[in-house]
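Trainee: Here is a sequence together with a model predicted from it:
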Amino acid sequence: MRTPPREGTQAIAVHRHLPASWLLSLILLSAPPVLAQEEDLNVFWKWTRWSNPGGLLITHYIEQADGLYDLRDREIAGLKTKGDWLKRQGRVKTALSEIVGPFPDKTPLNPRVLDVVQKDGYRIEKLLYESMPGFFVTGCLFIPETGGRKSPAILNVIGHNQEAFRNELYQIVYLNLVKKGFVVLAIDPIGQGEKVQYYDPKIGFSSIGYTVIEHCYFGNQCFLAGVSPGRYFAWDGIRGIDYLQTRAEVDPDRIGVTGFSGGGTVTSFIGALDERVKVAVPCSWSTASRRQTETKGAQDAESIFVRGLAEGITFEDLIEVRAPKPTLMTFTSRDEYLSIQGAREAYQEIRKAYRALGREENVAFVEDDDKHWMTPSIRSAIYAFFMKHLGVSGNPAEEKVAILPQEELKVTPTGQISTFLQAESVFTINRKEAEKLLEKLETSRKNVALHLDQVRNRAKKLSGYVAPGNDAAAAFFNGRYQRDGYSVGKYAVPGGGNYVIPLLLFV
């Protein structure tokens, strides 16, 4: 049987008796044209190990963080006795005062009640106070009719809703607490409600953007000065407790704080930093730092500790440092922003602290299957926990409440503190502090040799710099292109851990 000619050789087989010159011409005519070779200068193109070059750096950071988490885990595992935990609480308190602080001196609050609205069974006082001179906090104080008895008070700090405590979900919570006999102070967080930091009257909104964008914008400015913007959020709340304790309607020994989402962040800060908080209920925030880093990454600016992990401080510490004071953690299983697995693991670690201090029953964890929200069952658990630990009798079930129009909860006549009063902002306060740092910098520069030596050491600490090893020979070669008079080589150079730097070498 004859073997048929291969594709591309049929012309040669048919004309095998032609002269050699003709045969050569036919071969050239039948061959495909030679085209200029297209260059691909991607070093990582379709690699297996480095298949996600855009994620190499964050993966590298996560691996570095893992080492610090491991150090902390070993320390926590070694805490067995009440004395062990008390010793760690002392260290954490000192670290938090430096990481979240330093806090300013307590200056006069200069509170002003701008309006009073009488409602069925309670009244609303629209008020301002100064957490720092010229730095105003807007809020509403909800006071139930109790026949002259002193009531426990709840500071309600709010999540990332632009309208802040005027949002319907928050109203459901604090109006139910008021119906059950609690005084509630609901305040506008920085960048929200009537405390927008970059308010532009021309557009009637922030010139920077939605609440979270503002937080991160002024947060970056704070980080440049070595300060966590969380300090401002926590301090507004701490001064709110100062104000509550001046009110004749409030029992100063029965103070609680709660907040959802970003408000859960601030609740955790205040509960950790202020000894007067008897009961704390952070909702949808307290999760294990390691899991959060692995799954969702960094959070909003106010939740970031400057060098916190390097100091061995994580989210869990904000609850553990409170032990054995009553704390309820709430969470949902399908949270878009936070890790439910991390929340469960954080709770198991936190229980150890409460157990060692003899009051494991004072910490609780409630979860529901839902998105990032306070579900009805979670809200009922919040009411019950506050009632139990702040000594309020009655039915903890949620009642239907009349939601108030947002306009009715407007505090300032103009709707923004910045257009009502000549007010300080995070930017102006941080700028003053930065100017002091610049003055120190200029003084340091007068001794150049000593100054530059300090710069080198501080730059290494701030940046986390690690001297590279002598492993240039380990560079991975992945091809070369010859051009007119030079070549272009593709290399992957080790950058530490699994972080690899792609480069092109022109010779």
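Mentor: Yes, it's here.
Trainee: ok, and the closest non-adjacent residue to the residue positioned nearest the centre of the chain?
Mentor: Centre of the chain computed as the mean C-alpha position; nearest residue by C-alpha atoms, centre = their mean is Q299, 2.7 Å away. Once flanking residues are discounted, Q299 sits nearest to Q292: 7.1 Å by C-beta to C-beta, 6 or more residues apart in numbering. Every residue, glycine included, has its C-beta placed from N, CA and C.
Trainee: burial measure for that neighbour, as a count.
Mentor: 23 (other C-beta atoms under 10 Å).
Trainee: gap between it and T146?
Mentor: Distance, Q292 to T146, by C-beta to C-beta, to the nearest Å: 41 Å.
Trainee: host element of V117?
Mentor: strand 112-119 (DSSP states H and E).
Trainee: Repeat that for G489.
Mentor: Per DSSP H and E: strand 486-494 holds G489.
Trainee: what does G256 give?
Mentor: Assigned by DSSP H and E, G256 falls in strand 250-260.
Trainee: Next: L79.
Mentor: Applying DSSP H and E, one finds L79 in no helix or strand.
Trainee: Do a quick rundown of the helices in the stretch 101-250 of the chain.
Mentor: 168-179, 211-224, 230-244 (DSSP state H, counting those that start in this stretch).
Trainee: Output the contacting helices and strands for the second one.
Mentor: Other helices and strands packing on helix 211-224, by 3 or more C-beta pairs under 8 Å, 6 or more residues apart in numbering; DSSP states H and E, are helix 426-444.
Trainee: thinking again about what came up before, comparing the helices of the stretch 101-250 of the chain, which yields the minimum mean pLDDT?
Mentor: If the helices of the stretch 101-250 of the chain are sorted by mean pLDDT, helix 211-224 sits at the bottom with a mean of 94.
Trainee: what is the orientation angle of that one with helix 426-444?
Mentor: Put simply, helix 211-224 runs at 10 degrees to helix 426-444, going by axes from the mean of the first three to the mean of the last three C-alpha atoms, to 10 degrees.
Trainee: Quick one, grab the pLDDT at G415.
Mentor: Listed pLDDT for G415 reads 97.
Trainee: Also the one 5 residues further on?
Mentor: At F420, the pLDDT value in this model is 97.
Trainee: what about the closest residue to S131 other than its chain neighbours, how many neighbours?
Mentor: For S131, ignoring the flanking residues on the chain, the nearest one in space by C-beta to C-beta, 6+ apart is R239 at 4.0 Å. R239: 23 surrounding residues under other C-beta under 10 Å.
Trainee: ok, now which ones touch R239?
Mentor: K106, L109, Y129, E130, S131, V137 (C-beta atoms under 8 Å, 6 or more residues apart in numbering).
Trainee: neighbour-wise, which of these leads?
Mentor: Within the contacts of R239, neighbour counts (other C-beta under 10 Å) peak at V137, which reaches 27 neighbours.
Trainee: What residues are bridge-paired with it?
Mentor: Beta-bridge partners for V137, by DSSP bridges, are Y129.
Trainee: and it, what pLDDT?
Mentor: pLDDT, V137: 98.
Trainee: Isn't it up against N110?
Mentor: No: V137 lies out of contact with N110 (C-beta atoms under 8 Å); the separation is 10.9 Å.
Trainee: quick one: common contacting residues for those two?
Mentor: What both V137 and N110 touch, as defined by C-beta under 8 Å, 6+ apart, is the set Y129, E130.
Trainee: Can you check the pLDDT for the residue nearest to the centre of the chain?
Mentor: On the pLDDT scale, Q299 gets 81.
Trainee: And it, how far from Y499?
Mentor: The gap separating Q299 from Y499 is 23 Å, by C-beta to C-beta.
Trainee: Could you do F506 as well?
Mentor: 23 Å.
Trainee: Same drill for the two, tell me which one is more crowded.
Mentor: Y499 (16 against 8).
Trainee: who does the helix ranked longest in the chain touch, helix- and strand-wise?
Mentor: Scanning the chain for the helix with the most residues, using DSSP state H, yields helix 56-77. Other elements packing on helix 56-77 under the criterion 3+ C-beta pairs under 8 Å, 6+ apart are helix 289-295.
Trainee: before we move on, back to that, am I right that the residue nearest to Q299 is in contact with S339?
Mentor: Yes: using C-beta under 8 Å, Q292 is in contact with S339, at 5.4 Å.
Trainee: which two in the contacts of R239 are spaced the farthest apart?
Mentor: K106 and V137 (13.8 Å; C-beta to C-beta).
Trainee: Could you count how many residues lie near F103?
Mentor: For F103, using other C-beta under 10 Å, the count is 15.
Trainee: now do the one 10 residues further on
Mentor: In terms of burial, V113 registers 11 neighbours under the definition other C-beta under 10 Å.
Trainee: What residues are bridge-paired with R480?
Mentor: G489.
Trainee: re the thing from before, mind listing what's buried in the strand holding G489?
Mentor: Going by neighbour count (16 or more other C-beta atoms under 10 Å), the buried part of strand 486-494 is G489, K490, Y491, A492, V493, P494.
Trainee: Okay, P252 and R379: tell me how far apart.
Mentor: Distance from P252 to R379, counting by C-beta to C-beta: 26 Å.
Trainee: ok, now which ones touch C222?
Mentor: S228, P229, R231, Y232, A301, V426, N430.
Trainee: can you count the residues close to N498?
Mentor: 12.
Trainee: Quick check, pLDDT for it.
Mentor: pLDDT, N498: 76.
Trainee: now swap in T9 and tell me
Mentor: 39.
Trainee: now Y347
Mentor: Reading off the model, Y347 has pLDDT 97.
Trainee: ok, I270 touching N156?
Mentor: No: with contact defined as C-beta under 8 Å, I270 does not count as touching N156 (11.3 Å).
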